[in-house]
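**Q** sequence-free structure coming up:
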């Protein structure tokens, strides 16, 4: 299969039709390259805050509610595109209010050709999310069994915590999707290093899809730094760098790589190292210390 990771710029939109046209164009470009699994970034949905006008987009709290109210239309759009092209699409994450009296969670939804496969809520919040924006952590770390393989999702900061990824790997995950949104090169690098480390430790594929470029009309996502990339373990059957594909820094577009999951199964059995297999030895060594 071919996987496509988006380095995605946020736009100030005139109406929902403009958003639908933008997403459709991005999807069709990836489809033209043969991709069947598309990954959009963390907080890419925040561009929908612009539909409330400049004042709403510029207000941290009102922007959350504006984006959340478009969720049904966003779901319908992505489901239509997934069905039309026979795709799996991880839609850009955004705020969802579980109930009227609760704080929002940051949710990414996985769409398939036959409907919504499931969703992943961000588990560990950054300082901005917890101290300023008051976005709440979600619960649950599902692994989705799809026709493309077993897929787990680690939203941005979550990729920096190895036990989350390991839980998914032990549940059978072969591909970990890492949508991200970072406002500095340091922040992007932390997520990049985390995603690459998770591919090494678990001998799996990781897919990082960031927001890129300025969006000064929305202070929650006003600066965006990153490059899209697809990583594997730097071992037999994979590039020695572990990088299967990547975009230029801050350049919008798709990173696309062909991935054969038999290579994952092989490297877990016969790799130059066997990180996935040897993981439990850490606990045994610590117990003896």
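**A** Nice, thanks for sending it over. What you see is a predicted model, and the numbers here were worked out from it, not measured in a lab.
**Q** and residue 219, what is it in contact with?
**A** Counting by C-beta atoms under 8 Å, 6 or more residues apart in numbering, residue 219 touches 58, 60. Every C-beta, even on glycine, is put in place using the N, C-alpha and C of the backbone.
**Q** distance of residue 16 from residue 104?
**A** 20 Å (C-beta to C-beta, to the nearest Å).
**Q** so the two - more neighbours on which side?
**A** residue 104 (21 against 14; other C-beta atoms under 10 Å).
**Q** the nearest residue to that one once chain neighbours are set aside: which element?
**A** Spatial nearest neighbour of residue 104, excluding adjacent residues (C-beta to C-beta, 6 or more residues apart in numbering): residue 95 at 3.8 Å. Per DSSP states H and E, residue 95 falls inside strand 94-96.
**Q** name the helices or strands packed onto the next helix-or-strand element following that strand?
**A** Where DSSP H and E defines the elements, the next helix or strand beyond strand 94-96 is strand 105-112. When contacts are defined as 3 or more C-beta pairs under 8 Å, 6 or more residues apart in numbering; DSSP states H and E, strand 105-112 packs onto helix 71-85, strand 88-90, strand 94-96, strand 115-121, strand 149-153.
**Q** contacts for strand 105-112?
**A** 42-43, 75, 78-79, 81-82, 87-96, 98, 116-122, 125, 129, 135-138, 144, 146-147, 151, 153, 155, 177, 179.
**Q** kindly report the same for stretch 190-202.
**A** 154, 156-157, 159-162, 165-166, 168-169, 173, 176, 178, 180, 182, 204-208, 210, 226-227, 229, 231-234, 242, 275-276, 279.
**Q** buried ones among the residues you listed?
**A** 154, 156-157, 159-160, 165-166, 168-169, 173, 176, 178, 180, 182, 204-208, 210, 226-227, 229, 231-234, 242, 275-276, 279 (16 or more other C-beta atoms under 10 Å).
**Q** now, which of those lie within helices?
**A** Residues of the buried ones among the contacts of stretch 190-202 located in helices (DSSP state H): 165, 166, 168, 169, 275, 276.
**Q** out of those, who's nearest residue 70?
**A** residue 168 (29.0 Å; C-beta to C-beta).
**Q** would you confirm that residue 250 contacts residue 223?
**A** No - using C-beta atoms under 8 Å, residue 250 makes no contact with residue 223, being 10.4 Å away.
**Q** these two: which is more packed in?
**A** Comparing residue 250 with residue 223 by other C-beta under 10 Å, the one with more neighbours is residue 250, at 17 against 14.
**Q** so, low pLDDT: which residues of the stretch 51-200 of the chain?
**A** Low-confidence segments of the stretch 51-200 of the chain (pLDDT under 70): none present.
**Q** for the stretch 101-250 of the chain, which segments are assigned as strands?
**A** With DSSP state E, counting those that start in this stretch, the ranges of strands along the stretch 101-250 of the chain come out as 105-112, 115-121, 144-146, 149-153, 175-180, 205-212, 229-231, 243-246.
**Q** what's the closest non-adjacent residue to residue 213?
**A** residue 9 (4.2 Å).
**Q** same thing with residue 141?
**A** Going by C-beta to C-beta, 6+ apart, residue 141 has residue 167 as its nearest residue, at 5.3 Å.
**Q** can you get me a residue count around the one you found?
**A** Neighbours of residue 167 (other C-beta under 10 Å): 13.
**Q** just checking, it touches residue 142?
**A** No - here residue 167 lies out of contact with residue 142, judged by C-beta under 8 Å, at a distance of 10.3 Å.
**Q** overlap in contacts, the two.
**A** What both residue 167 and residue 142 touch, as defined by C-beta under 8 Å, 6+ apart, is an empty set.
**Q** ok, what's across the strand from the residue nearest the centre of the chain?
**A** Centroid check for the chain by C-alpha atoms, centre = their mean gives residue 179 as the closest residue, at 2.0 Å. Counting by DSSP bridges, residue 179 forms beta bridges with residue 209.
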